[in-house]
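Engineer: just the structure for this:
(2 chains)
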Amino acid sequence: MTTLDEAGIAAEPDPGTRKLSTAKAIQEAIAGEMRTSDDVFVMGEDVGSYGGIFSSTTGLIDEFGPGRIRDTPISETAFIGMGIGAAVEGMRPIIELMFVDFFGVCMDQIYNHMAKIHFFSGGNVRVPMVLMTATGGGYSDGGQHSQSLWGTFAHLPGMKVVVPSTPYDAKGLMTAAIRSDDPVVYMFHKGVMGLPWMKKNPRSIGPVPQQRYEVPIGKARVAREGKDVTIVTLSLSVHHALDVAENLAGEGIDVEVIDLRSVVPLDRETIQASVAKTRRLIVVDEDYESFGLSGEVIASMTIADPTLCSYAARVCVPDVPLPYARDLEYAVLPTPARIELAVREAVS
Amino acid sequence: MTPHPSLPAEVRLDLYRTMVLIRTYEEAILGEYHADKSPGFDIGAGLIPGEMHLSAGQEPVAAGICAHLSADDAVTAAHRPHHLAIAHGVDLRPMTAEIFGRTTGLGRGRGGHMHLFDPATHFSCSGIVAEGLPPALGQGFAFQQRGSDRVAVAVAGEGAANQGAFHEALNLAALWKLPVVFVIEDNDWGISVPRDASTSVPSNAERAAAYGMPGARVEGNAVEEVWEAAGLAVERAREGGGPTLLEVHTLRLWGHFEGDAQAYRPGLDVVADQDPIPVYRDELLAAEVLTPADDARIREAAGGRVADAIAYAKESPVPAAADALDYVFVEGARS
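Structural biologist: Here you go, the predicted model:
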């Protein structure tokens, strides 16, 4: 069933049968919004003729030209700050900074300016900006190009943090992010983009409606229903969790998988409803273990109702930088093997 | 100093009025700030809590530059923002209410004196050194994309010119010919560190050459010379000529913040003699542009406006603690 919101954009329409990669779904969302409003533009390193290092902007320059798909110098503080100023003046910038690992060089613009201006102004100034970046490891790119870090931005107030796992959600969440009057950090995992030069998850290419639509920011998705264990996760780990769930179904272990889709806002209600059913909670997170998403989810369930969970565990990156050597990297990533082990322990 | 020969009397009087209004305002804020912090100084106590960075001595910069701007133009200031806010026409009532942390303030009490945001005049400021410059590029970019002749003025202290954000911003603004005027207020001091211990060049204006833009330095803290140099820079930006870097050698008359005893600062006893406001008043009196009676009227008018703003702030309600979580997002979510 398709519904239309006030802006005439279908909210979560049926997926249909046309298939796109996540990267193409993002491009399509951006193009759709750019056609509707001259205020939308894209700016960042190599977003123009290169098409974005992870193909988030491929082809856009052909339709919209270098004035609106604008390559920047390697000056992250300047061009992220530019996005903020343009947003304050009512434009709708989409700023890409290729790897989330690079945000340290311009963190002040992100957490002291982009995220705080609306609050400092007592609600009088809006910053409708999308800050888009790639996350995740698994291809030996080393510890400065492989982090996830969504917990860092979720921890600092004033930014919405969106992390799609499927092409369908990638398009709908990007459309919602562009149309949001709040600053949105949009984090796509390289492993879900469907890139030809990277090991592809089979679900990184999936059904995407042609029309414009929004996936509301802040609503988690039950990716698989089950009654024995709840896995709460996001991004590439959703696919790992689904693979594990399918494997274990033959053994009579019924796993429910919750795809958070956004970290801020965090849909605690959906998690709580699931855990109330299964009573066993596992959080899978490709971000670091301590002080992050997994702790937040488990703590908030315990606080909501101390009797809710009979079991809680987490599968995260232990508190070590992502190593380079393949065997070392896969030892710390939340692999399907680690997830499966955690599920078996939960039901034993 | 020789007055600028072509400067009309009304412009000169306006510059003087603006400087007097700023000083009157800051003297009043200073009084309110300290009145409730004696006998023992407690930075968090009283009607105006927190750090207070006043701009006394730097009025020529604000008056000379903002005289060329309208409310459609943007001004981005640093953490010492009052002179620029006032000169750019920010309404004194909500500005003062914000400094007092009241619900009627520009930020409904969420920002404070270092975080003033006024959409009506496109005024903003930042508490982080040099980091207010990049957003000004974005304002200039929006003006450029929309085909207007509006400009963005980005103001920072001389200490900020050694920050990365300054250099990134200058390069990008010059590369894309953005309608931005960069202004460095060189008051000789980055808190306690003198300019010659922080900066490798005698004049930051020289740094403009590295980015292919014009640079100019105004010596002597003279408002009419600031006015003249700023006029050229603003005109260049309006006409699509791109950015200019303008440095003004100005004066920090008081401490870095209120409560700063400035024990590190030699020659403090002569600082008051360099106050640009009496200097300019004497000049206007000598030129018979200003009479003592005019001066009295200007001061009285300024005093009235300031008293009104402070009374408004004091009469305004303080925010309810229950509302502390408001305005994190436009749309409801807090987590």
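
Engineer: which residue packs closest to residue B:175, ignoring adjacent ones?
Structural biologist: Excluding its sequence neighbours, the residue lying closest to residue B:175 (Cβ to Cβ, 6 or more residues apart in numbering or on different chains) is residue A:73, at 6.8 Å. Backbone N, C-alpha and C define where each C-beta goes, glycine included.

Engineer: can you check residue A:172 too?
Structural biologist: residue A:215 (3.0 Å).

Engineer: what sits against the residue nearest to residue B:175?
Structural biologist: Applying Cβ atoms under 8 Å, 6 or more residues apart in numbering or on different chains to residue A:73 gives the contacts A:79, B:168, B:171, B:172, B:175.

Engineer: list phi and psi for it.
Structural biologist: Per-residue torsions, residue A:73: phi -70, psi 170 (degrees, to the nearest 10).

Engineer: what segments of chain B are strands?
Structural biologist: Secondary structure of chain B (DSSP state E): strands at B:74-77, B:123-125, B:152-157, B:180-186, B:189-190, B:193-194, B:215-218, B:244-249.

Engineer: cool, the stretch 151-300 of chain A as well?
Structural biologist: Using DSSP state E, counting those that start in this stretch, the strands of the stretch 151-300 of chain A run over A:160-162, A:184-189, A:205-207, A:213-214, A:221-224, A:229-233, A:255-259, A:262-264, A:280-288.

Engineer: residues in contact with stretch A:302-309?
Structural biologist: With contact meaning Cβ under 8 Å, 6+ apart, stretch A:302-309 is reached by A:268, A:272, A:275, A:276, A:279, A:280, A:281, A:298, A:301, A:312.

Engineer: ugh, wrong one, stretch B:212-220
Structural biologist: B:1, B:170, B:173-174, B:186, B:203-209, B:225-226, B:229, B:232-233, B:236, B:242-249.

Engineer: now list the buried members of these.
Structural biologist: The neighbour count (16 or more other Cβ atoms under 10 Å in any protein chain shown) marks B:170, B:173-174, B:186, B:203-205, B:207-208, B:225-226, B:229, B:232-233, B:236, B:242-249 as buried among those.

Engineer: that older thread, just the strands of the stretch 151-300 of chain A: most buried one?
Structural biologist: strand A:229-233 (a mean of 30; mean count of other Cβ atoms under 10 Å in any protein chain shown).

Engineer: report the contact partners of the residue positioned nearest the centre of chain B.
Structural biologist: By Cα atoms, centre = their mean, chain B has its centre lying nearest to residue B:84, at 2.9 Å. When contacts are counted by Cβ under 8 Å, 6+ apart, residue B:84 touches B:55, B:61, B:62, B:65, B:66, B:75, B:77, B:123, B:125, B:155.

Engineer: switch to 6 Å and redo it
Structural biologist: B:62, B:75, B:77, B:155 (Cβ atoms under 6 Å, 6 or more residues apart in numbering or on different chains).

Engineer: where in the chain is the helix or strand with the lowest mean pLDDT?
Structural biologist: This is for chain A. Least confident helix or strand of chain A, by mean pLDDT, DSSP states H and E, is strand A:3-4 with a mean of 50.

Engineer: chain B, not that one
Structural biologist: Using mean pLDDT, DSSP H and E, the lowest element in chain B is helix B:268-271, with a mean of 92.

Engineer: what helices or strands is that helix leaning on?
Structural biologist: Under the contact definition 3 or more Cβ pairs under 6 Å, 6 or more residues apart in numbering or on different chains; DSSP states H and E, helix B:268-271 sits against no other helix or strand.
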